[in-house]
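Fold the following and give me the result.
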Amino acid sequence: MKRQFTLIDGLITFAVLSLIGYIAYRLSFSLNYKWNWAVIPDYLLYYNEQRQSWQSGVLLQGFFTTVKLSIWGTLLASLLGFASGLISISRRLFLRLTAKTYVELIRNIPALVIVFIFYFFVSDQILPHLHISSFTRSLSPEANTIFAFFFADPAMITQFISGVITLGLFQGAYISEIVRGGIQSIDKGQWEASSAIGLSRWRQMRLVILPQAIRNMLPPLANEFINTIKYSSIVSVISIQELTFQGMQVMASTQVTIEVWLTITLMYLVLCLCLSVMVERLEFKLSQSGY
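Residues are numbered from 1 along each chain as shown. So this is what the prediction gives:
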């Protein structure tokens, strides 16, 4: 049903536009600050005279690193979250307690503390034994280019993996609760009916319960995927050259502060809005297909 534009909608729109206008006025005229937007484009995209081609600036490189961190962190968080969510409704007490312990530990520890604990106390002891750095050094220049495209520069691979695992562990705990709640929201009669026709518990879950539960999970899952993008800024403290880290480097070298933060904000906003639109389209397709 098409919604009409009411007086309340008009008042809210006017109030929001007035607030935006007031903030813009304060930033433009009342703030004792010398604006310098001219430096920003070179840190996004610049022309390399030696290579005779356009190159990504440090802010755009940081943006791409944020995208890669978010993608791999989301994939890991989804795997951990779905596994933990499924075993949290297991009939075995030990499995349920394991999932509960993981969720409660992660949910009650700040993300920044998890970053430091994992990077300085866990990855420092584990990742060197996997010989990832020596593996990347043994790659050909062409293979290194491909590796850097999908992951990170070989020199930063340890920090990148630490960041991905930290994001995955942190967000996986919240996804676990979403999965558990989505499964438990399905009426018990669905379990009983699928059991009556002779399906095993695994086939009940895969063929009957999960297809219905995923539709309930999708909105909160989308919120957690967006949170993964935003939480990726935390790993800047371990020198991963993502968007926030690169922005702080630009601010340190140019003394341009507000322009850089506004540019970073816009880049995060574009990324999160694109993900929101994709999820909305997926929800629409699921509803159209009858799920």
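
Which elements pack onto the worst-scoring helix or strand of the chain on mean pLDDT?
Least confident helix or strand of the chain, by mean pLDDT, DSSP states H and E, is helix 124-130 with a mean of 72. When contacts are defined as 3 or more C-beta pairs under 8 Å, 6 or more residues apart in numbering; DSSP states H and E, helix 124-130 packs onto helix 157-184. (Glycine included, C-beta is placed from N, CA and C.)

Give the buried residues for the helix it packs on.
For helix 157-184, the buried set under the neighbour-count rule, 16 or more other C-beta atoms under 10 Å, comprises 157-180, 182-183.

Equivalent analysis for stretch 109-127, please.
Buried residues in stretch 109-127 (16+ other C-beta under 10 Å): 111, 114-115, 118-119, 123, 127.

try stretch 13-21
Buried residues in stretch 13-21 (16+ other C-beta under 10 Å): none.

Which residues does it contact?
Residues from elsewhere that reach stretch 13-21 (C-beta atoms under 8 Å, 6 or more residues apart in numbering): none.

can I get the CA coordinates of that stretch in CSV?
Output in CSV follows, covering the C-alpha atoms of stretch 13-21 (Å, rounded to 0.1, in the frame of the first residue of the first chain):
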residue,chain,number,x,y,z
THR,A,13,11.6,16.4,7.3
PHE,A,14,11.7,20.2,8.1
ALA,A,15,13.3,19.5,11.5
VAL,A,16,15.9,17.2,10.1
LEU,A,17,16.8,19.6,7.3
SER,A,18,17.0,22.5,9.8
LEU,A,19,19.4,20.5,12.0
ILE,A,20,21.6,19.7,9.0
GLY,A,21,21.5,23.3,7.9
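
Keep only those of the buried residues of stretch 109-127 that are in helices.
Under the assignment DSSP state H, those contribute 111, 114-115, 127 to helices.
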